[in-house]
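# this one's sequence-less:
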């Protein structure tokens with residue numbers, strides 16, 4: 001486990017934090033479709049690795065698919081909306097699971 005600010009950070013908490021950071025990076029990359037596709041593939045891999053319940057995983061994967069579809073259609077605002085909703089979902093799921101470490105990422 002990694003120690004951060006006097007607290008231990010579990011590998012699960014680190015995984016949630018990594019996924020949240022990837023969401024923010026993908027939001028920044030929305031203008032470049034090639035980079036976006038790579039970023040969404042990386043994000044999908046991070047999300048699949050999270051300890052989410054099946055329904056939560058399906059919701060997260062749908063948000064990622066919607067992001068790609070909206071971006072491909074030139075609907076950047078809708079794509080950003082989907083990513084922000086995914087980020088809120090990840091934050092809620094982490095919080096419900098007792099992992100509060102992605103809160104600093106949310107404010108970035």
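Right, received. Where do you want to start? In this text the structure is predicted, and so the values were computed from the model without any measurement. Numbers count the residues shown, from 1 in each chain.
# For the rest of this, base every contact and every neighbour count on C-alpha atoms.
OK.
# what's around residue 23, how many residues?
Neighbour count for residue 23, taken as other C-alpha atoms under 10 Å: 26.
# So, low pLDDT: which residues of the chain?
1-9, 31-35, 100-108 (pLDDT under 70).
# And the strands in it?
Secondary structure of the chain (DSSP state E): strands at 2-4, 7-9.
# And residue 95, how close does it get to residue 88?
10 Å (C-alpha to C-alpha, to the nearest Å).
# whoops, residue 26 was the one
Relative to residue 88, residue 26 is positioned 15 Å away (C-alpha to C-alpha).
# Next: residue 40.
In terms of C-alpha to C-alpha, residue 40 sits 17 Å off from residue 88.
# One more: residue 64?
In terms of C-alpha to C-alpha, residue 64 sits 13 Å off from residue 88.
# who has more neighbours, those two?
Per other C-alpha under 10 Å, whichever of residue 64 and residue 88 has more neighbours is residue 64, with 22 against 15.
# ok, now which ones touch that one?
40, 44, 82-83, 86 (C-alpha atoms under 8 Å, 6 or more residues apart in numbering).
# and residue 40, how many neighbours?
By the criterion of other C-alpha under 10 Å, residue 40 has 22 neighbours.
# Distance-wise, check it relative to residue 94.
Distance from residue 40 to residue 94, by C-alpha to C-alpha: 20 Å.
# likewise residue 74?
Distance from residue 74 to residue 94, by C-alpha to C-alpha: 31 Å.
# Could you tell me which residues make contact with residue 40?
Residues in contact with residue 40 (C-alpha under 8 Å, 6+ apart) are 26, 64, 68.
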